[in-house]
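K.L.:
any chance you can model this:
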Amino acid sequence: MNQMVRSLAMPEVLRGSRPATQQFGLLRIGEAMLAINVENIREVVPAPGGLSNAGIAATGLCGLFELRGSTIPVMDIRPMLGLPATEAYGAVILVLRVRQRLICIFADEVRGIATEDVAALDELGVSRPAVQGPLVTHSFFHSGKVISVLAAERILALPGIPSVQEPVAEAVAKTSSNAKPLLLFTCGAFSFGVAAGVVEATAPTAQLKDSPMKTETCLGVIDHHGTQVPVLDTLRVLGMGVLSERKQSSVLVLRYPDDRLLGFALDTVVDIRPIPLGDIMAMPDNAVETGSVLSGVYSVDGRTLFLVLDERTMMSDDVLLMFSRLSSTKPKTAAAGRAPGQRGDALLPYLVFRAGGDMATPVADVREIVEMPEDYVSLNNVGRGTMGLFVHRGTAIPLISLARRLRLPAVPPGQEGRVLLVSDGLKTTGLVVDSLARIEMASKCATGPDATDSSGFEHRILGDFMVRSADGRLLPYIDLRKALA
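P.N.:
Purely as a prediction, here's the structure:
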């Protein structure tokens, strides 16, 4: 009997050989927060001004909706969820697909994506289910709220509810091999799309907490299931402007290598839909710099343009990787005699300075510090961060903006600007920083998944380490030689 109850309560996609995790589209209907398998979401569209009469009497059936030549039944599922009815159905329509059959439901808003451990979902079985069973089958906790999982196949199986066959051409175009599922969202005056496969979650409204990493680029951190996740100013990272000042924000959380997470501030989640690969236009070469995160353009009905972000570039960007490695979880068991997260390095003198953000480097790695030269030969745009050349002690030395090199916010050198001379034994380079702060005794501490892994930080610019001062304050550690590699 228990096995029968489990089978009746578990949606089709969760039975059989279940994946370790499952992505759900999040939506709100009335006061209920709900989730539905992203594989069942064909697209999300604004609710029309009116519906055509279906000529069929069935509980919850509102009428017919025309979408690109197909007439699809639309349902109000509030009565099946025990929610009170109102005059307005909802602001958006979710077009659901189950085995190439289409049906629509009204919703008040789409909230984004959540990635959950399938085995950890709480089953909402009933001992004596109806013939078809309840629409809600499971639940989970997300961003401080209980989310109930809707089974799309059960909506389709409601008594007397019609559905339509998905057009063959569209069904083929939207299969996994021919389409790319995108999360579409807005940020400032721009609209973006990112591969749903790298999305860990979206937080509709999250409080941005202060952090030692807070800079113009990092707006603060949010707590996501016990992990402190840095949240970046998306427009500033992309070089497309600056977001308005905010203490809380909707946040897109992406999965990064080594089980790290990184948040990007956004304004509104617009849609979750599989986009036929042929519908994503290539970004013109002369519109962006080489290596840009922007890889394509997707147009909705020839009007709204969504800039498609390249997830591979985002996952390999040195600066974004650095921020992702600052996402902190519960510390692992510490080695005997060491504090959690400490690698046990001795106290050494570190130079603390600002270059788009506060950071620290061993004093021994800086050969000399000089004032910003008034006269130097400008060589802007020769290389990433390159400013020009100046002569020091009879040697021509290149000037490189460290902030621009790391793709952090850069400002023109002011009176406090300084040049850190760094040598690899063969050549010397001048790294321009915004200002110097102090020299203090500190130790390097590990924040990464395995601080003793020689393949970790030694092959990265900014890695799984921070600098802990004698009074416990933390600053990002930077290897200046690696920054020049």
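K.L.:
specify the local secondary structure of Glu87.
P.N.:
Using DSSP: H, G, I helix; E, B strand; the rest coil, the secondary structure recorded for Glu87 is coil.
K.L.:
okay, it and Arg68: tell me how far apart.
P.N.:
In this structure, Glu87 and Arg68 are 28 Å apart, going by CB to CB, to the nearest Å. All C-beta atoms are positioned from the backbone trio N, CA, C, and that covers glycine.
K.L.:
keeping just the C-alphas, turn the longest strand anywhere in the chain into CSV.
P.N.:
For the chain, the strand reaching the highest residue count under DSSP state E is reported as strand 435-446. Taking Å, rounded to 0.1, in the frame of the first residue of the first chain, the C-alpha atoms of strand 435-446 are listed here in CSV:
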residue,chain,number,x,y,z
SER,A,435,45.5,54.0,-3.5
LEU,A,436,47.6,52.4,-0.8
ALA,A,437,46.0,51.6,2.6
ARG,A,438,48.6,50.2,4.9
ILE,A,439,51.1,47.4,5.6
GLU,A,440,50.0,45.0,8.3
MET,A,441,50.9,41.6,9.7
ALA,A,442,48.6,38.9,8.4
SER,A,443,48.4,35.3,7.4
LYS,A,444,47.0,33.6,4.3
CYS,A,445,43.9,31.4,5.1
ALA,A,446,42.1,28.9,2.9
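K.L.:
what is that strand packed up against?
P.N.:
The contact analysis (3 or more CB pairs under 8 Å, 6 or more residues apart in numbering; DSSP states H and E) places strand 435-446 against strand 348-354, strand 465-469.
K.L.:
export those to JSON lines and tack on mean neighbour count, distance to Ile478 and mean pLDDT?
P.N.:
Output for those, formatted as JSON lines (neighbours: other CB atoms under 10 Å; distance: least, CB to CB, whole Å; pLDDT from 0 to 100):
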{"stretch": "strand 348-354", "mean neighbour count": "19", "distance to Ile478": "9", "mean pLDDT": "84"}
{"stretch": "strand 465-469", "mean neighbour count": "22", "distance to Ile478": "9", "mean pLDDT": "73"}
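K.L.:
quick one, which of the ones you listed is nearest to Glu43?
P.N.:
Glu43 lies closest to strand 465-469 among the helices and strands packed on strand 435-446, at 43.3 Å (CB to CB).
K.L.:
next SSE after the closest one?
P.N.:
Later in the chain than strand 465-469, the nearest helix or strand by DSSP states H and E is strand 474-476.
K.L.:
what pairs with that next one, parallel or antiparallel?
P.N.:
strand 465-469 (antiparallel) (DSSP bridges).
K.L.:
quick one: mean pLDDT for stretch 71-83?
P.N.:
Stretch 71-83 carries an average pLDDT of 90.
K.L.:
repeat for stretch 372-384
P.N.:
Rounded mean pLDDT across stretch 372-384 is 78.
K.L.:
residue farthest from the centroid of this protein?
P.N.:
Largest separation from the mean C-alpha position in the chain: Gly394, at 48.4 Å (CA atoms, centre = their mean).
K.L.:
isn't Leu121 right up against His142?
P.N.:
No: contact between Leu121 and His142 fails when scored by CB atoms under 8 Å: they sit 11.2 Å apart.
K.L.:
between those two, who's got more neighbours?
P.N.:
Set side by side, Leu121 and His142 show more neighbours around His142, with 23 against 20, by other CB atoms under 10 Å.
K.L.:
distance check, the more buried one against Ile400.
P.N.:
Distance of His142 to Ile400, given as CB to CB: 43 Å.
K.L.:
okay, the helices and strands packed on strand 435-446 in TSV with distance to Thr361 next?
P.N.:
Below are the helices and strands packed on strand 435-446 laid out as TSV (distance: least, CB to CB, whole Å):
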stretch	distance to Thr361
strand 348-354	6
strand 465-469	8
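K.L.:
low-confidence ranges in the stretch 101-250 of the chain?
P.N.:
125-133, 168-178 (pLDDT under 70).
K.L.:
the helices and strands packed on strand 435-446: which one's closest to Gly239?
P.N.:
strand 348-354 (19.9 Å).
K.L.:
list the strands paired with that closest one, with their directions.
P.N.:
Partners of strand 348-354, by DSSP bridges, with direction: strand 358-362 (antiparallel), strand 435-446 (antiparallel).
K.L.:
got a list of contacts for it?
P.N.:
358-364, 366, 418, 420, 433-443, 467, 475 (CB atoms under 8 Å, 6 or more residues apart in numbering).
K.L.:
with stretch 370-378 instead?
P.N.:
The contact list for stretch 370-378 (CB under 8 Å, 6+ apart) reads 387-390, 392, 399, 413, 417-419, 421, 430, 432.
K.L.:
could you rerun that using 6 Å?
P.N.:
By CB atoms under 6 Å, 6 or more residues apart in numbering, the surrounding residues in contact with stretch 370-378 are 388-390, 399, 413, 417, 419.
K.L.:
mind listing what's buried along it?
P.N.:
372-373, 376 (16 or more other CB atoms under 10 Å).
K.L.:
export that stretch to CSV, keeping only CA atoms.
P.N.:
This file holds the C-alpha atoms of stretch 370-378, laid out as CSV (Å, rounded to 0.1, in the frame of the first residue of the first chain):
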residue,chain,number,x,y,z
VAL,A,370,56.4,54.8,-7.0
GLU,A,371,54.0,57.7,-7.6
MET,A,372,51.9,57.7,-10.8
PRO,A,373,54.1,59.4,-13.4
GLU,A,374,52.8,62.6,-14.8
ASP,A,375,54.3,61.9,-18.3
TYR,A,376,54.0,58.5,-19.9
VAL,A,377,53.4,57.3,-23.5
SER,A,378,49.8,56.3,-23.8
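K.L.:
chain center to it, what's the gap?
P.N.:
39 Å (CA atoms, centre = their mean, to the nearest Å).
K.L.:
check stretch 439-449 too.
P.N.:
With CA atoms, centre = their mean, you get 27 Å for stretch 439-449.
K.L.:
what does stretch 73-87 give?
P.N.:
32 Å.
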